[in-house]
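Participant: Could you work out the structure for the sequence below:
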Amino acid sequence: MTSTPASAPTPDPGSGSDSGSGSGSGRPVPASATLRPLVARGRDEEHRAATPLELFFDLCFVVAVAQAGAELVHAIAEGHAGEGILNYAMVFFALFWAWVNFSWFASAYDNDDVLYRVVTLVQIAGVLVFAAGVSKGFEEHDFLLIWLGYLIMRVALTTQWLRVASAAGGEERRTALRYTVGVLICQIGWSGLLFLPEGARGWLFLVMAIAEMCVPVIAERSFTTPWHPHHIAERYGLFTIIVLGETIAAATVAVKSGIDENDELGELLPIAAGGLLIIFAAWWIYFVVPIHGRLSTNRQAFLWGYGHYFILGAAAAIGAGIEVAVEQAVGKAHISTLAASASVTVPMALYLLTVWLLHSRYYKVGTAQQLVLPGGALATLASTFAGSWAVPVAGLAATATVATGVTLTRRMANTGG
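Facilitator: Okay, here's the model as predicted:
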């Protein structure tokens, strides 16, 4: 990959002003009230932070994530775990990839003008249409609304890339056009979900997921869009927090419903405590090291960014698993205790392994530190066989993982290692 030439910094969208515009009274005109060329921002821009529009975008995305999690709970509780996990993997990838497309584009080109805001709000509308179709996609294999929501999001995204192409020249313009063509071709490919027989849809998903991930690699082969490393790291971190927050909310509602409907406080309190420890540990482990320093090239950043499909998918699935464990404890789920336990421990183990693989391992020194998260994943999986106490045991294993990591880090700091 080639590096991007330094761009002239644009006014911070969060500042609410545009130094190039003014009114007759001399007061500055807010950027969001103007229409400006969509030009690249500077990668070396200081104090780059997520904007209110980006946070709003994330919160609306979580509506769809919650719908996917609820359908996963239903499928596992009814004994259709295989089908439910496959549908969840496909739906969550579509959500994750739409979020990725928006976030990386915004990091490089967000100028916060009036048209940028309107097009982003259209993307949010597409997310909500997508969310409305999740239930039909799971239960009836009807993907029309999901496809329509995705179409709305992708048309809005290509509009943004065309704006970039109209304002840029040379390799940057060709990159924007390659993105435009790539996104539209992939959207046509997703149309197969509406026409292909059910047995072929899983294979279509696999092909299209690979095609989608190839678009940025191909588009940026001769020009690297000026995404901001610190901003990207913050965006992923904020979305992880929001997903974990949704996990806590879903688990809390499940426990409350179980107590209200079945008065099983003794059965549910250990699950609630264990689930809370798991989620607290998941937050701690993700944010224990800063990652933006490693995001210096597209190769590093794309691998890290794509890998978050597993981190975020697992984080959302943990909440679904806690709901399943609650339903099994009160007799509403038609599955074994072992299956209910695995619905919590397996996604938590996946979360630990992928966080370690994607960034924690780069900051660990020595074998002992490197083994903390993989060891925690094994301990979490082993807790699956603890019967009705599997979730609290998994919570203790996650807590021990955090405590071990903190102890080893402090010991190394004290010895100057």
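
Participant: Every contact and neighbour count from this point should use C-alpha atoms.
Facilitator: Noted.

Participant: Spatially central residue in the protein, please.
Facilitator: Nearest to the mean C-alpha position of the chain, counting by CA atoms, centre = their mean, stands residue 312 at 4.6 Å.

Participant: For residue 244, see how far away that residue is.
Facilitator: Residue 312 sits 9 Å away from residue 244, going by CA to CA, to the nearest Å.

Participant: before we move on, what about residue 351?
Facilitator: From residue 351 to residue 244 the distance is 12 Å (CA to CA).

Participant: Same check on residue 190?
Facilitator: 29 Å.

Participant: ditto for residue 128
Facilitator: 20 Å.

Participant: So residue 328 sits against residue 340, correct?
Facilitator: Yes - Residue 328 is in contact with residue 340 according to CA atoms under 8 Å; the separation is 6.6 Å.

Participant: Is residue 373 in a helix, a strand, or coil?
Facilitator: helix (DSSP: H, G, I helix; E, B strand; the rest coil).

Participant: just to revisit the earlier point, which residues does the residue nearest to the centre of the chain contact?
Facilitator: Applying CA atoms under 8 Å, 6 or more residues apart in numbering to residue 312 gives the contacts 240, 243.

Participant: Which helix or strand contains it?
Facilitator: helix 298-329 (DSSP states H and E).

Participant: What average pLDDT does stretch 320-333 get?
Facilitator: Per-residue pLDDT values across stretch 320-333 average out to 89.

Participant: With stretch 159-172 instead?
Facilitator: Stretch 159-172 shows a mean pLDDT of 94.

Participant: Keeping just the C-alphas, turn that stretch into CSV.
Facilitator: Coordinates of the C-alpha atoms in stretch 159-172 are reproduced here as CSV (Å, rounded to 0.1, in the frame of the first residue of the first chain):
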residue,chain,number,x,y,z
THR,A,159,-23.5,8.6,-2.9
GLN,A,160,-20.8,9.6,-0.5
TRP,A,161,-18.0,7.9,-2.5
LEU,A,162,-19.3,9.7,-5.7
ARG,A,163,-19.0,13.0,-3.8
VAL,A,164,-15.4,12.1,-3.0
ALA,A,165,-14.7,11.2,-6.6
SER,A,166,-16.2,14.6,-7.8
ALA,A,167,-13.9,16.5,-5.5
ALA,A,168,-10.7,14.5,-5.9
GLY,A,169,-8.4,13.7,-8.8
GLY,A,170,-5.8,11.2,-9.8
GLU,A,171,-5.5,8.0,-7.8
GLU,A,172,-7.8,9.2,-5.0
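
Participant: For it, what is the distance to the chain centroid?
Facilitator: Average the C-alpha atoms of stretch 159-172, do the same for its chain, and the two points are 27 Å apart (CA atoms, centre = their mean, to the nearest Å).

Participant: Going by neighbour count, list what's buried in that stretch.
Facilitator: 160-165, 168, 172 (16 or more other CA atoms under 10 Å).

Participant: And what about residue 42, helix, strand or coil?
Facilitator: Going by three-state DSSP: residue 42 is coil.

Participant: And it, what's its pLDDT?
Facilitator: 82.

Participant: Out of the buried residues of stretch 159-172, which is nearest to residue 152?
Facilitator: residue 160 (12.8 Å; CA to CA).

Participant: Settle this for me: that closest one is touching residue 117, isn't it.
Facilitator: No - between residue 160 and residue 117 there is no contact under CA under 8 Å: 10.6 Å.

Participant: by how many degrees do the helix or strand hosting residue 89 and helix 298-329 diverge?
Facilitator: Per DSSP H and E: residue 89 is located in helix 81-109. Going by axes from the mean of the first three to the mean of the last three CA atoms, to 10 degrees, helix 81-109 is angled at 140 degrees with respect to helix 298-329.

Participant: sorry, back to before: need the overlap of contacts for residue 351 and residue 244.
Facilitator: residue 315.

Participant: roughly how far apart are residue 144 and residue 135?
Facilitator: 11 Å.

Participant: my bad, should have said residue 63
Facilitator: 13 Å.

Participant: Looking at those two, which one has more neighbours?
Facilitator: The residue with more neighbours, out of residue 63 and residue 135, is residue 135; 20 against 17, by other CA atoms under 10 Å.

Participant: per-residue confidence at the more buried one?
Facilitator: pLDDT at residue 135 comes out at 89.

Participant: What does the pLDDT read for the closest residue to it other than its chain neighbours?
Facilitator: For residue 135, ignoring the flanking residues on the chain, the nearest one in space by CA to CA, 6 or more residues apart in numbering is residue 71 at 6.6 Å. You'll see residue 71 listed with a pLDDT of 92.

Participant: Please settle this for me: is residue 71 part of a strand?
Facilitator: No - secondary structure of residue 71 (three-state DSSP): helix, not part of a strand.

Participant: Roughly how far does it sit from residue 163?
Facilitator: Distance of residue 71 to residue 163, given as CA to CA: 38 Å.

Participant: Going by neighbour count, list what's buried in the host helix or strand of residue 231.
Facilitator: Assessed by DSSP H and E, residue 231 sits inside helix 229-262. By neighbour count with 16+ other CA under 10 Å, helix 229-262 contains the buried residues 229-248, 250-252, 254-256, 258-259.

Participant: and if you look at stretch 39-51?
Facilitator: 39-45, 48-51.

Participant: tell me which of the residues you listed is nearest to residue 393?
Facilitator: Nearest member of those to residue 393, counting by CA to CA, is residue 50, at 37.0 Å.

Participant: list the contacts for the closest one?
Facilitator: 231, 234-235.

Participant: Backbone dihedrals for it, both of them.
Facilitator: As for residue 50, its main-chain torsions (degrees, to the nearest 10) stand at phi -60, psi 140.

Participant: now swap in residue 335 and tell me
Facilitator: Main-chain dihedrals, residue 335, degrees, to the nearest 10: phi -140, psi 170.

Participant: Sweet, I'm off.
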